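S.K.: give me a model of this one.
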Amino acid sequence: MSRIAPAAAVGSRVGAPRACRSSRSSRFGCAAIANAVLALAGCGGKHGDTTPSEAPSGEVTPAPSAAASSEQMVSPDTMDEINRSLSRKRQSMSRCLALAIDNKELPRAAKGKITVELVIAPSGKADDVKIVRATVESRMLNECVIGRVKEIQFPELLKPYQTSYTYGFEAM
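M.R.: Take a look at the predicted model:
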């Protein structure tokens, strides 16, 4: 059983709202309100149905668990690892811009953003990589960016995962 710090104890004057410090009778009312709040807080949020359901054949089947649905999702740590992998390629992407400038597809002062959308296969390889938005137009730049993203080895996944990433470009 958890202990309540003395300053937060019901009926305590320290840290209590001004209305709960004045008279003895109002302190008892405040204590009742505080107990009600604590009781409601202990109830938690809405939970899914945990009772087993009966199948038409009379067999009992358990309700779907949260663990089963979480197996199909990509964890936040894996999403962070995917973003770090894409971010590590920024230097390589800037070489794509230099290549397009050297081949006169873009002016020397070119700058802009390119957003790539990709599907990461369960093997960790990027499939279906495409440019979905670009503020700088260059076929060579687009092809180079797509090629570099396809080189990335992402973490292995349970199922394909679609994501997007925006690279910023600025010629110096």
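S.K.: now stretch 112-128: mean pLDDT?
M.R.: Mean pLDDT, computed over stretch 112-128, is 96.
S.K.: residue 116 belongs to a helix?
M.R.: No: with DSSP: H, G, I helix; E, B strand; the rest coil as the criterion, residue 116 is located in strand rather than a helix.
S.K.: and the residue nearest to residue 111 when sequence neighbours are not counted, how far from residue 138?
M.R.: Spatial nearest neighbour of residue 111, chain neighbours left out: residue 170 (4.0 Å); criterion: Cβ to Cβ, 6 or more residues apart in numbering. In short, each C-beta sits where N, CA and C put it, glycine included. Here the criterion is Cβ to Cβ, to the nearest Å. By it, residue 170 lies 14 Å from residue 138.
S.K.: which residues of the chain fall in strands?
M.R.: Along the chain, the stretches classed as strands by DSSP state E are 53-54, 60-61, 111-120, 126-134, 161-170.
S.K.: domain map for this protein?
M.R.: Following automatic domain parsing, the chain resolves into domains at 10-41, 76-170.
S.K.: which parts of the protein are helices?
M.R.: Under the criterion DSSP state H, helices of the chain are mapped to 24-43, 66-70, 76-88, 90-102, 139-151.
S.K.: quickly compare the domains of the chain and say which is most buried.
M.R.: domain 76-170 (a mean of 15; mean count of other Cβ atoms under 10 Å).
S.K.: wouldn't residue 121 be in contact with residue 159 here?
M.R.: No: using Cβ atoms under 8 Å, residue 121 makes no contact with residue 159, being 9.2 Å away.
S.K.: list the contacts of stretch 135-146.
M.R.: 93, 95-97, 99-100, 103, 105-106, 110-114, 116, 129-131, 134, 167, 169 (Cβ atoms under 8 Å, 6 or more residues apart in numbering).
S.K.: excluding chain neighbours, what is closest to residue 122?
M.R.: Closest to residue 122 by Cβ to Cβ, 6+ apart is residue 157, at 5.0 Å.
S.K.: and the one you found, what does it touch?
M.R.: 74, 78, 120, 121, 122, 124.
S.K.: widest-spaced pair of the residues you listed?
M.R.: 78 and 121 (13.8 Å; Cβ to Cβ).
S.K.: distance of residue 159 from residue 78?
M.R.: Counting by Cβ to Cβ - residue 159 and residue 78 are separated by 12 Å.
S.K.: nope, residue 94 is what I meant
M.R.: 26 Å.
S.K.: next: residue 146.
M.R.: Taken as Cβ to Cβ, the span from residue 146 to residue 78 is 23 Å.
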